[in-house]
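A.B. asks: give the three-dimensional model of this entry:
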Amino acid sequence: MLPDRLLLLAAVLAVVLGAAAPTSQARVDVAPAVETRAAAGERVRVVIGVDGRFVPEGFLPSGAAVAAQRQDLRASLADVMARATAAGVEVEPAYDSIPYFPARVTRDSLARLRTMPGVVSVEEVLIAEPTLAASVPLTNVPAAHNAGFNGNRWTVAVLDSGVDYTHSMLNGSVVSEACFSSDGTSLCPGGAPQSTAPGSGRECNAAIEGCDHGTHVASTAVGVRGTGLSTGVAPGAWLIPMQVFNYQPQLVGIRTSTVDYTRALTRVLALAGPNNVNQIAAVNMSLGGGQFSSQAQCDAASPSTKAAVDNLRSIGIATVVASGNNGFTNATGFPACLSNVVSVGNTTKFSPMRVTSTSNEAPFLSLLAPGTDIYAASFFGFYTQKTGTSMAAPHVAGAWAILKQAVPGASVSSVLAALRGTGTSVTDTRTGRTFPFINVNAARVALAAGTFSTPGAPTSFTAVASGNTVSLSWAPPAAGSGGVPTGYTVLVRGAAGGPVAQAVPVGNVTAIAAPVPNGVYHLSVVASNAVGAGGESAGVTLNVPTAPMPPGPPSGLTATSSGSTATFTWNAPSGGGAITSYVLLAGTTPGFATPFASVPVGTARTFTIGGVPPGVYYLRVVAQGPGGTSSASNEATMSVGGATLPGVTTLLVPSVAGSTVTLSWTPASGAPTSYVLTAAMTPGGAAVATLPVAGTSVTIPGVPRGTYYARVTAHNTAGGGPPSNEVTIRVP
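C.D. replies: Take a look at the predicted model:
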């Protein structure tokens, strides 16, 4: 198998050269709903993706690389946004860490946008709504609490309808808050489209249905006992409430969209700090809409939200999403359908547990948790029971805080694998599919033991080129840094900090060698096992020997003679590779294909030779170097031994009398012995008539009616001189 991998590595490295994405010129796909609404005259809200370098920030090698990527994204976004504005697009502020910006388009501006350079996607803004003391013990959380793990020093962000954090279950738990409400009637303080001011994360108006939803969700995830009968899953964790809904008077309710909760996700990234130094464990999104049976279809529907979630996952933050309450048996709502989120379905609380008939389920559903008749905080310090996947999801988000407290360095893949691998199997009687119901303490024990951990980062990575053979080697991850590797993957980038151009599995080996093309590569390696890929090794930039370039063409060649001595001069090439010598090429016809003489002349750019036989010569010069021979210079003409070529003549204004045309011209220098008159039917065109003339004028009777274009050339024994100016003859 190893030779096959070597061939694959060589092929992949060949692809990396010039791997930067081209500027978009092709017609960008647009969701049919957007086209239909725009065609009907509506100003449609969309999210526009731009062609900018984007790597999830946790995968970048340093804070400087993160800052550089954000600066590049700002420049790319500003460029496209300026051109979009000029095209009639109503742009909104761009996201600060992903290459997307919201906008509103009409039919005409959408048409211009679809072929605009730099635009790579135009996505529909998807609408979502809230997905509406016995549940916590069911998940085996008390055992984790008894062992000292309650989410202490970790934080859960709740993107919902805001939170009553004066409630006894949540009082004192808030470390930051925000509001994003840019559609319909804003629910942010002062009606602003977004806010991070104090009070921004408070619950929306109690008179509006659904506004206690976020309080119920947050208290399930992180609530303390308060005056109620039980605690939330992680009562030691902190809370970041983010109000992401807006009021829709015609619906008498609240809803949100990809624009607002994607802004909230980017805010979570900012609050987390570099490499999640501020210890945010998870984001809870008990909201959703639509119907998606394919994760690939879902990812394509909203690449902006996926990019925001990718950023969070890359620094160890899980995005936990309710699957929805439509009763789908082969689909979930959005964003639970995204391939990089943790989707949660709803079960009953009593044995035997079963998946509820309203809970959306698909083969890609991640986990089950209790979501039926969940008793938690509500308005005005009270408590209430709610049912739905919205209630199940915060059980998982709270569990994440407990598991990150137990194993702070655990990746999202590791935590998810531990919850899935230790969960209680529950079969959905509607489909026969089985999913894991979370067992938090069992997951904690297994995660701490490394049973469900991704490997750590490989160490001592080296990359050496010998000619065109690249040898890579590395050491396994340090003991105790994660699970045991079962394989390694070489990551290939075109530049340090750039996107991964290719990921090449090389098996469970720690060294490999392969022939690769010339170029500059940035290489690293990651270890993986059944849980997933671990951390990335330090990277190495490698220059594979590049074949030398041939010199550029010389220029400005001139050739002069004095008697039988000829002198040639030229200019050095303006570019190309090194030069070791020049070669003078001589021919006897203009534009010769094969020279009759090739004369090496060293490195000087002037050359004199004597004893040249009489005649007319056509000369070029080429440069030679380690990279080969250049293309030829301009061609120069030289006459040796006797008459020189005549100079240029000046053809005077013709005289036309009926069908008789008289032409005259000034004598040429260089002792011409005759002249040749040529006539063409188009300016500068090929000659259709040629007339030898002895003197400097000629009268031609009986010229057919028409328009002609004439030139004259002087000749002597050395040959023909340059053509004269061209005159126009009109015969009526």
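
A.B. asks: what segments of the stretch 251-400 of the chain are strands?
C.D. replies: In the stretch 251-400 of the chain, the strands defined using DSSP state E, counting those that start in this stretch lie at 253-257, 280-285, 287-292, 318-322, 332-334, 342-347, 367-370, 374-377, 383-386.

A.B. asks: how is the chain divided into domains?
C.D. replies: As given by automatic domain parsing, the domain ranges for the chain are 31-125, 128-448, 459-544, 555-640, 655-731.

A.B. asks: and these, which is most packed in?
C.D. replies: domain 128-448 (a mean of 22; mean count of other Cβ atoms under 10 Å). No exception for glycine: its C-beta is placed from N, CA and C like everyone else's.

A.B. asks: end-to-end on stretch 293-312?
C.D. replies: 24 Å (Cα to Cα, to the nearest Å).

A.B. asks: please tell me how far Phe328 sits from Gly534.
C.D. replies: Relative to Gly534, Phe328 is positioned 34 Å away (Cβ to Cβ, to the nearest Å).

A.B. asks: next: Thr196.
C.D. replies: Taking Cβ to Cβ as the measure, Thr196 falls 35 Å from Gly534.

A.B. asks: then Ala362?
C.D. replies: Note on Ala362: its distance to Gly534, by Cβ to Cβ, is 28 Å.

A.B. asks: got it, and Phe59?
C.D. replies: 12 Å.

A.B. asks: would you list the phi and psi of Gly52?
C.D. replies: Per-residue torsions, Gly52: phi -140, psi 150 (degrees, to the nearest 10).

A.B. asks: that one contacts Pro99, correct?
C.D. replies: Yes - Gly52 lies in contact with Pro99 (Cβ atoms under 8 Å); the separation is 4.0 Å.

A.B. asks: any shared contact partners between these two?
C.D. replies: Common neighbours of Gly52 and Pro99, counting by Cβ atoms under 8 Å, 6 or more residues apart in numbering, are 73, 76-77.

A.B. asks: show me which of those residues is closest to Met391.
C.D. replies: Leu73 (37.2 Å; Cβ to Cβ).

A.B. asks: what sits against the closest one?
C.D. replies: Shown in contact with Leu73 (Cβ under 8 Å, 6+ apart): 52-54, 97-99.

A.B. asks: kindly report the same for Ala281.
C.D. replies: With contact taken as Cβ under 8 Å, 6+ apart, Ala281 is in contact with 151, 154-156, 237, 317-318, 397, 400-401, 403-404.

A.B. asks: same check, this time on Gly288
C.D. replies: Gly288 neighbours (Cβ under 8 Å, 6+ apart): 128-129, 131, 321-324, 332-336.

A.B. asks: OK, contacts around the residue lying closest to it once chain neighbours are set aside?
C.D. replies: Computed as Cβ to Cβ, 6 or more residues apart in numbering, the closest residue to Gly288 that is not its neighbour in sequence is Gly333, at 3.2 Å. By Cβ under 8 Å, 6+ apart, Gly333 lies in contact with 128, 131, 288-292, 322-324, 326, 360.

A.B. asks: Gly702 too?
C.D. replies: Contacts for Gly702 were tallied using Cβ under 8 Å, 6+ apart; they are 659-660.

A.B. asks: how near is it to Ser659?
C.D. replies: 5 Å.

A.B. asks: do Asp299 as well
C.D. replies: Per Cβ to Cβ, Asp299 is found 79 Å from Ser659.

A.B. asks: check Ala331 too.
C.D. replies: Noted for Ala331: a distance of 87 Å to Ser659, by Cβ to Cβ.

A.B. asks: one more: Thr589?
C.D. replies: Relative to Ser659, Thr589 is positioned 38 Å away (Cβ to Cβ).

A.B. asks: the contacts of Leu73 into TSV, with extra columns for distance to Ser378 and pLDDT?
C.D. replies: Output for these, formatted as TSV (distance: Cβ to Cβ, whole Å; pLDDT from 0 to 100):
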residue	distance to Ser378	pLDDT
Gly52	44	82
Arg53	46	79
Phe54	41	87
Ser97	35	94
Ile98	35	95
Pro99	40	95
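
A.B. asks: and those, which of them are in strands?
C.D. replies: Assignment to strands by DSSP state E places none of those there.

A.B. asks: among those residues, which one lies nearest to Val540?
C.D. replies: Within the contacts of Leu73, the smallest distance to Val540 is 20.2 Å, found for Arg53 (Cβ to Cβ).

A.B. asks: can you tell me the element the residue nearest to the closest one when sequence neighbours are not counted falls in?
C.D. replies: Excluding the flanking residues, the one nearest Arg53 by Cβ to Cβ, 6+ apart is Asp72, at 5.6 Å. According to DSSP states H and E, Asp72 maps onto helix 63-86.

A.B. asks: remind me which residues of the protein are low pLDDT?
C.D. replies: Applying pLDDT under 70 to the chain flags residues 1-26, 130-134, 226-229, 251-252, 497, 546-547, 642-644.

A.B. asks: let's go with 50 and repeat that
C.D. replies: 1-25, 132-133 (pLDDT under 50).

A.B. asks: those helices in it, which residues are they?
C.D. replies: Under the criterion DSSP state H, the chain contains helices at 2-16, 32-39, 63-86, 107-114, 135-138, 141-146, 213-222, 258-272, 295-301, 303-314, 389-406, 412-422, 440-448.

A.B. asks: now the last one and helix 389-406, what's the angle there?
C.D. replies: Here helix 440-448 runs at 40 degrees with respect to helix 389-406, directions being taken by axes from the mean of the first three to the mean of the last three Cα atoms, to 10 degrees.

A.B. asks: show me what helix 440-448 is packed against.
C.D. replies: helix 141-146, helix 389-406, helix 412-422 (3 or more Cβ pairs under 8 Å, 6 or more residues apart in numbering; DSSP states H and E).

A.B. asks: how far away is the nearest residue to Ser76 once chain neighbours are set aside from Arg70?
C.D. replies: Spatial nearest neighbour of Ser76, excluding adjacent residues (Cβ to Cβ, 6+ apart): Gly52 at 3.5 Å. The gap separating Gly52 from Arg70 is 10 Å, by Cβ to Cβ.

A.B. asks: then Gly641?
C.D. replies: Plainly put, Gly641 is 73 Å away from Arg70 if you go by Cβ to Cβ.

A.B. asks: again with Ala694
C.D. replies: 80 Å.

A.B. asks: for the closest residue to Thr603 other than its chain neighbours, what are its contacts?
C.D. replies: Using Cβ to Cβ, 6+ apart and skipping the chain neighbours, the partner closest in space to Thr603 is Ser581 (5.9 Å). Neighbouring residues of Ser581 by Cβ under 8 Å, 6+ apart: 600-603, 623-624.

A.B. asks: now, which of those residues sits nearest Arg202?
C.D. replies: For the contacts of Ser581, the closest approach to Arg202 (Cβ to Cβ) belongs to Ala623, at 75.5 Å.

A.B. asks: which residues does the residue nearest to the closest one when sequence neighbours are not counted contact?
C.D. replies: Spatial nearest neighbour of Ala623, chain neighbours left out: Pro551 (3.8 Å); criterion: Cβ to Cβ, 6+ apart. Counting by Cβ under 8 Å, 6+ apart, Pro551 makes contact with 573, 576-579, 623-625, 627, 629-630.

A.B. asks: what sits opposite Pro551 in the beta ladder?
C.D. replies: Under the criterion DSSP bridges, Pro551 forms beta bridges with Gly576.
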